[in-house]
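Undergrad: show me the folded form of this:
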Amino acid sequence: MKILSCYSIKGGVGKTALAVNLAFALGEAGHRTLLLDLDPQGAASFYFRVDGADKFRMRDKQSLAEGLRRNIRESDYPGLDVVPSHLGYRHFDILLDGMSKRRSQLRRVLEEFKADYDVILIDCPPNITLLSENVFRASDAILVPVIPTVLSRRTLEQLAGFFKDQDLPAKLLRPFFSMVQKRSKMHREIMEELPAEQAGFLKTAIPFSADVEKMGLHRMPLLAYARACEAAKAYRALCQEILSESGL
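TA: Sure, this is the predicted structure:
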């Protein structure tokens, strides 16, 4: 089982669009996939038309695993299940803070799903907390969408700096360019410069597309309603790149 996380400190960069479309593509490719929506906004859950998670008490590792399992919902797509978001997840940090080995408990919890899924994909909240650290330590790869702009570039540098300060493996970070506008000179320049400064960049870039913005109207992945558009093709190519590197 592989654990992949979709993460960014900065909002509005296409993080949840990545999680939703990658989850769909993984299921479509025949991999048993569980999408864990830890973002309090619950956008991934909304796109997949699943009901919100039932409230459960998070007292220890076992109760957390049992609560997540009780909240697994089948999606409309074969091979793809979802654990929807819940406001109660805001207590994750409190729970984790009271545990021994508090920075690595999430990996232990998710290992209990190993027999049921090939991939667990996590849509992470856009912040750095104890839960974020658990996600980092649990993940086999952390997929980071980066718009080719100054602010998005800066947040990637901040994330890389945090990994260095916390002695986390930098190789886990797999940034890629998102919402790319090829006509923008700044986008083109940053796309040339940044991969030379930050290792691990994936080759596939996701173009800016109005079709992606319509996901909220359709309440489904882009790959389900606009399979032939350029952004959909890019998401599939990104999925194949990730699959080839992860050994799935």
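Undergrad: okay, now the closest residue to E245 other than its chain neighbours: neighbour count?
TA: For E245, ignoring the flanking residues on the chain, the nearest one in space by Cβ to Cβ, 6 or more residues apart in numbering is A141 at 7.7 Å. Just so you know, the C-beta spots here come from the backbone N, C-alpha and C atoms, and that holds for glycine as well. When neighbours are defined as other Cβ atoms under 10 Å, A141 has 18 of them.
Undergrad: got the contact list for V119?
TA: M1, K2, I3, L4, L26, H31, R32, T33, L34, L248 (Cβ atoms under 8 Å, 6 or more residues apart in numbering).
Undergrad: need the pLDDT of Q240.
TA: pLDDT for Q240: 96.
Undergrad: wasn't it part of a helix?
TA: Yes: counting by DSSP: H, G, I helix; E, B strand; the rest coil, one finds Q240 located in a helix.
Undergrad: all helices of the chain, in order?
TA: 15-28, 43-47, 61-70, 92-97, 105-110, 130-138, 150-165, 185-197, 210-213, 215-218, 222-225, 230-246 (DSSP state H).
Undergrad: check what pLDDT the residue of the chain most remote from its centre gets.
TA: Distance from the C-alpha centroid of the chain, by Cα atoms, centre = their mean, peaks at K185 (28.4 Å). pLDDT, K185: 96.
Undergrad: for it, give me its contacts.
TA: If you count contacts by Cβ under 8 Å, 6+ apart, K185 has none.
Undergrad: distance of P78 relative to T16?
TA: P78 sits at a distance of 22 Å from T16 (criterion: Cβ to Cβ, to the nearest Å).
Undergrad: please list all residues in contact with F176.
TA: Here F176 is in contact with L143, V144, P145, V146, F201, L202, T204, A205, I206, L238 (criterion: Cβ under 8 Å, 6+ apart).
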